[in-house]
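Asks: Any chance you can model this:
(2 chains)
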2 protein chains.
Amino acid sequence: MTANIIDGTKLANQIRSEIADGVQELKAHHNITPGLAVILVGNDPASAVYVRNKQRAATEAGMIAEDIKLPAETTRDELSATITSLANNDDIHGMLVQMPLPEHLDPVFAIDKLPASKDVDGLTSTNSGLLVGGRPRFIPATPAGIQQMLIRSGYDPNGKHVVVCGRSDIVGKPISLLLIQKQLGANATVTICHSRTHDIETITRQADILIAAIGRPRFINSDMVKKGAIVIDVGVNRIEAPERKSGYRLVGDVDFDGVSEKAKAITPVPGGVGPMTIAMLLKNTLEAAKSYVAQQ
Amino acid sequence: MTANIIDGTKLANQIRSEIADGVQELKAHHNITPGLAVILVGNDPASAVYVRNKQRAATEAGMIAEDIKLPAETTRDELSATITSLANNDDIHGMLVQMPLPEHLDPVFAIDKLPASKDVDGLTSTNSGLLVGGRPRFIPATPAGIQQMLIRSGYDPNGKHVVVCGRSDIVGKPISLLLIQKQLGANATVTICHSRTHDIETITRQADILIAAIGRPRFINSDMVKKGAIVIDVGVNRIEAPERKSGYRLVGDVDFDGVSEKAKAITPVPGGVGPMTIAMLLKNTLEAAKSYVAQQ
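Replies: Below you'll find the predicted structure:
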C-alpha cells in the first residue's frame, strides 16, 4: 500500500482563490479592503520567512498586509503600544504577533492585549473559550486548516477515532476541541497524547486519523500507525543536510517514507499543513473584515 | 475484588472546613464576607433542591448567600437586568444562573452576561479560554471537584489514561482540558467519548480512570471497565422507584453494583461527585472574594 498524498498546496490554493473572490465582493459592495497586520519582534530567520509568506498570501488575495518589524530589544510597553495602535486602526481587521517572542517578552501578555475581534489566530482567552463552547469566532489557523484538509479530501472525522500527539495551545488543544464538537466535519472521538503518555504507540495505533504535532523530527514511525490510517503531519523540524546550500532541510514529526507504506493517506512536509495554515489565516481575516462591515 | 468507595461527602466536608477557615481569615483581616448569588428562573423542583443545597453550604461556610428567584415567564431583558444589578453589587463576589433555564431563555446569552470576575461556575468564554491555556481563574466546579477527589484519594491522574464519557460544556470538555495540562494533579492522556463514539467499550476498557458524564442511568456496566480502574460517576439520573414515598430514586451513569466488583475505586451516587461540586463552588467564591480584596 502506498498512501494517497494529501496535497496541502493544492487545497490551500483552492481556498485562497475562494477567499480572493470574497475579498473582491467586499471591495465591490462595501468599498472595504481586508487588512492584516503582523507584528514581528526580533530577527529570528524562520519567523521572518513565516511572516513574509503570510504577507505575500494576503496581498495575493487582494488584502492589505501591514508588516510591523520591531527590534529584538523592544520593551513590553512598546509592544503593548504597537498592539493598541493597530487595535484602534480601522483599516486593520486582523492582527497577530508572530511567535516566538524574544525571551524577555511574555507571549501570554501579548496575546491578552489583542482585541478578540481582530485576533485572527484565535488565541485570546475569549476566542479560545468560544471554541470550547462550539461557537468559534476565529478557529486557530492550523486546526482549521487540518479540519478543511480532512473534509476536502473525503476523510470526514465524523465517528472516527482521532489521536492527537501534542497538547500545545496553538495546535493540540484547539484541534481536539474542534473535532469533538457535535457538528458537521467534527463529531470524532479524540485522544490527546503528549510527552508524559505511557506506551504511546498502543494509543497511536488505534487512530483512524493520527495528528502529529509534537515538534520531534520523524517521531511517528510505521510501527506506531494502523494500516489504512489517515496521517496529518503538523511538524516542521529543521534537520542538518550538508548536501544542501542552506545546510538544513525541513522534515515533519512523521517518518514519511515508512509511514506512507502503511497509511491510507498522509500529508507531506513541506506542502501539507503549512500552506493550509496560511489559507485559514486569510479566511479568518476576511471574516474579521466582514464582521467589521456588519457592525458599521 | 470490591472497590474502595471514594467518599465525596467526607472529602467535601474537609474542603468546606478549609474554606470556612479562609472565610474567617478574610473577615478578620479585611472585614469582607464572601457573597454568593444564585439566580433561579422558574419552578424546576430539581433545580430548587440544587440551589437550596448551594445556599446552605455557603452560609455554613460563613458566606452570605443571596437567592434570587425569578418567575418562569421572566423575559430576556429582565434576566439581563438582574444579572447586571448583581454584577454591580460589591457585596456579591460570585454569581451564577442555575441551569436549565426555561426554554425561551438562551443559556449562552445568560452566561455571556456574567462578569468573568464573578463567574464562579467558570463558564464564560473568557474563563473557559483561560482553562484551555492552563491558567484558569475559576475551574468549573464539577471538574475541579473530580480532580480534587482523585488527588485527595491518592489516585493522581499523572501519566494515567483518563477516558471521559460525555462532552458537555460543564463537565466533559472542562475535565478533559483540566487533566491534559502539564501541571501537578493533571498530565493525563485523555480520551473523550460521546454518543457518536463507535465501539465505546473498547475505549472505556482502556481507562485507568473512567469518568462517566453522559446522563444515561447505569450506562457503564462492568464489561466496559478494566479490572482495577478508578471510576468517577458524574451522573445524577432519576429512575422510578415505586417503593419510595417520592416515587423515584437517584442513580448514576455507572452500574454501581456490577462495576464495584471490578474497579479499584468508585464514587457513589449520591454522595460522590455531587458534594464535591458544591465544595468547589464555595472555593471559587472564596477565591473571587480574595481577588476582590486584592483589587481594592
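Asks: Spell out the residue ranges of the helices in chain A.
Replies: A:8-30, A:45-60, A:76-87, A:107-113, A:125-132, A:141-152, A:172-180, A:200-204, A:256-259, A:273-294 (DSSP state H).
Asks: Let me know which of these is the nearest to chain B.
Replies: helix A:125-132 (3.3 Å; C-beta to the nearest C-beta). (Glycine included, C-beta is placed from N, CA and C.)
Asks: and the angle from that closest one to helix A:141-152?
Replies: Orientation check (axes from the mean of the first three to the mean of the last three C-alpha atoms, to 10 degrees): helix A:125-132 against helix A:141-152 gives 20 degrees.
Asks: Quick check: end-to-end length of stretch A:161-174?
Replies: This stretch, stretch A:161-174, spans 16 Å end to end (C-alpha to C-alpha, to the nearest Å).
Asks: what about that stretch and chain B, touching?
Replies: Yes: using C-beta under 8 Å from any C-beta of the partner chain, stretch A:161-174 comes into contact with chain B via A:161, A:167, A:169, A:173, A:174.
Asks: what's the answer for stretch A:84-104, then?
Replies: No: judged by C-beta under 8 Å from any C-beta, stretch A:84-104 and chain B are separated, with a smallest distance of 13.7 Å.
Asks: same check, this time on stretch A:222-236
Replies: No: judged by C-beta under 8 Å from any C-beta, stretch A:222-236 makes no contact with chain B; its nearest approach is 13.3 Å.
Asks: For that stretch, list every residue counted as buried.
Replies: Within stretch A:222-236, the residues that qualify as buried by neighbour count (16 or more other C-beta atoms under 10 Å in any protein chain shown) are A:224, A:225, A:226, A:229, A:230, A:231, A:232, A:233, A:234, A:235, A:236.
Asks: And stretch A:186-201, by the same measure?
Replies: Counting neighbours by 16+ other C-beta under 10 Å, one finds that the buried residues in stretch A:186-201 are A:186, A:187, A:188, A:189, A:190, A:191, A:192, A:193, A:194, A:196, A:197, A:200.
Asks: The third one and residue A:179 touch, don't they?
Replies: Yes: in terms of C-beta atoms under 8 Å, residue A:188 counts as a neighbour of residue A:179; the distance is 4.3 Å.
Asks: Quick check: neighbours shared by the two?
Replies: Jointly contacting residue A:188 and residue A:179 under the rule C-beta atoms under 8 Å, 6 or more residues apart in numbering or on different chains are A:157, A:162.
Asks: quick revisit: tell me the one of the buried residues of stretch A:222-236 nearest residue A:270?
Replies: Nearest to residue A:270, judged by C-beta to C-beta, of the buried residues of stretch A:222-236 is residue A:236 at 7.5 Å.
Asks: contacting residues for the closest one?
Replies: Residue A:236 is in contact with A:250, A:252, A:269, A:270, A:274, counting by C-beta under 8 Å, 6+ apart.
Asks: From those, keep the buried residues only.
Replies: A:250, A:252, A:269, A:274.
Asks: biggest separation within the buried residues of stretch A:222-236, which pair?
Replies: Farthest apart among the buried residues of stretch A:222-236 by C-beta to C-beta are A:226 and A:236. That separation is 24.4 Å.
Asks: Looking at the buried ones among the contacts of residue A:236, which is nearest chain B?
Replies: Of all the buried ones among the contacts of residue A:236, residue A:252 has the smallest distance to chain B: 21.9 Å, by C-beta to the nearest C-beta.
Asks: wait, doesn't the closest one sit right on residue A:274?
Replies: No: between residue A:252 and residue A:274 there is no contact under C-beta under 8 Å: 9.8 Å.
Asks: and the stretch 151-296 of chain A, which residues reach chain B?
Replies: A:158-159, A:161, A:167, A:169, A:173-174, A:176-177, A:180-182, A:187, A:189-194, A:196-198, A:203.
Asks: Quick one: residues contacting residue A:258.
Replies: Applying C-beta under 8 Å, 6+ apart, the residues near residue A:258 are A:221, A:222.
Asks: how about a cut-off of 10 Å?
Replies: Neighbour list for residue A:258: A:218, A:220, A:221, A:222, A:223, A:224, A:225 [criterion: C-beta atoms under 10 Å, 6 or more residues apart in numbering or on different chains].
Asks: can you give me phi and psi for residue A:103?
Replies: When read as degrees, to the nearest 10, the backbone of residue A:103 gives phi -50, psi -40.
Asks: How many neighbouring residues does it have?
Replies: The tally of other residues near residue A:103 (other C-beta atoms under 10 Å in any protein chain shown) stands at 8.
Asks: ok, so what distance separates it from residue A:72?
Replies: 10 Å (C-beta to C-beta, to the nearest Å).
Asks: Spit out the contact partners of the closest residue to residue A:168 other than its chain neighbours.
Replies: Setting aside the residues directly before and after it, residue A:168 is nearest to residue A:213 in space (C-beta to C-beta, 6 or more residues apart in numbering or on different chains), at 6.5 Å. Contacts for residue A:213 (C-beta under 10 Å, 6+ apart) come out as A:142-143, A:146, A:164-168, A:170-173, A:175, A:194, A:232-235, A:252-253, A:273.
Asks: hmm, which of the residues you listed are the buried ones?
Replies: Neighbour-count burial (16+ other C-beta under 10 Å) applied to the contacts of residue A:213 gives A:142-143, A:146, A:164-168, A:170-173, A:175, A:194, A:232-235, A:252-253, A:273.
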